[in-house]
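Engineer: quick one, fold the following:
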Amino acid sequence: MQWQVTFQVFRYKQDGSSPRFDTFQLDVRPDEYVLDAVERIWASHDRSLVFRHACHHAGCGACGMLVNGREKLTCKTRIEQVASPGSTVKLEPMRNFPVISDLAVDMGAFYAKIEGTGSNPIRPGDPLIDCETNQPVPSPVPTTRFADCIECGLCVSACPTSGTDPQSLGPATLHAVFRRAVEEANGLNAETKKSLFDMADSEQGIWRCHAAFECLEACPSNVNPAAAIMELRRRVLAGKLGLLGRS
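Structural biologist: Predicted coordinates:
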């Protein structure tokens with residue numbers, strides 16, 4: 001079964017021309033992904049279309065964009081989730097990032113903020129489990145896994161605070177602070193831990209968040225950066241109250 005779907009694609013080039021939307025009509029299967037349609041537009045209709053993509057299985061975060069005004073990873077968003085036969089799908093670059101060209105945005109500042117937390121995307125893994133006894137078994141080497149956050153930037157695109165204050169740390173960076181200062185705290189010295197909480201306890205940190213929880217809705221990896229921000233607030237306030245109690 002195929003549907004005919006119209007795709008309205010945002011276009012922008014740094015040549016002085018005005019931004020616009022181009023329209024492409026495609027015959028698509030409803031179980032295809034939006035990224036499949038974008039690649040077909042590039043391959044068969046307009047080779048000048050610029051977009052980001054890489055792994056195609058929701059592991060790298062490269063293909064994030066707005067689909068009908070909502071933040072989505074297009075490699076895991078099926079066409080039947082956002083369209084119907086004869087309907088129109090609108091594709092735009094993520095909000096709150098400088099647009100490089102068409103659907104591609106500049107994420108350099110975003111990555112720099114996360115890097116500034118010193119958070120390592122590789123984390124200690126869960127113990128190996130014997131499938132027969134369901135008990136942990138010794139591993140010849142330490143197990144590791146990637147952090148759940150794939151640094152796609154969708155939470156920043158959805159965040160109203162990031163839209164009004166580009167200097168704010170944003171949900172992904174604050175989640176990275178939480179991950180290092182709280183979840184990985186046992187391996188940190190007191191000075192590093194203090195610097196992380198100072199980073200959070202700043203004008204552009206946890207107090208800049210308006211608790212809209214749009215980041216929670218946008219996250220494709222169920223990371224819940226909003227919960228991390230609220231927990232950082234709780235811990236920062238508890239520390240301040242503890243200092244007051246001792247004075």
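Engineer: and the lengthiest helix in the chain, what does it pack onto?
Structural biologist: Scanning the chain for the helix with the most residues, using DSSP state H, yields helix 225-246. For helix 225-246, the packing partners by 3 or more C-beta pairs under 8 Å, 6 or more residues apart in numbering; DSSP states H and E come out as helix 170-178, helix 190-200, helix 214-218. Any C-beta I mention is one placed from the backbone N, CA and C, and that applies to glycine too.
Engineer: ok, which of the ones you listed comes nearest Ser44?
Structural biologist: Proximity of these to Ser44 was assessed by C-beta to C-beta; the nearest stretch is helix 214-218, lying at 30.3 Å.
Engineer: so what's Phe213 closest to, chain neighbours aside?
Structural biologist: Once flanking residues are discounted, Phe213 sits nearest to Ala226: 4.8 Å by C-beta to C-beta, 6 or more residues apart in numbering.
Engineer: if I look at the one you found, how far off is Met94?
Structural biologist: Separation of Ala226 from Met94 (C-beta to C-beta, to the nearest Å): 18 Å.
Engineer: tell me, how many residues neighbour Thr108?
Structural biologist: Let me fix one detail, which is that residue 108 is Gly and not Thr. A count of neighbours around Gly108, defined by other C-beta atoms under 10 Å, yields 10.
Engineer: what of the one 3 residues further on?
Structural biologist: For Tyr111, the number of neighbouring residues by other C-beta under 10 Å comes to 13.
Engineer: show me the domain layout of this protein.
Structural biologist: Following automatic domain parsing, one gets these domains for the chain: 3-105, 108-246.
Engineer: nearest spatial neighbour of Thr111, skipping sequence neighbours?
Structural biologist: Quick fix: residue 111 is Tyr, not Thr. Per C-beta to C-beta, 6+ apart, closest to Tyr111 is Glu151, 6.9 Å.
Engineer: neighbours of that neighbour, how many?
Structural biologist: For Glu151, the neighbour count with other C-beta under 10 Å is 19.
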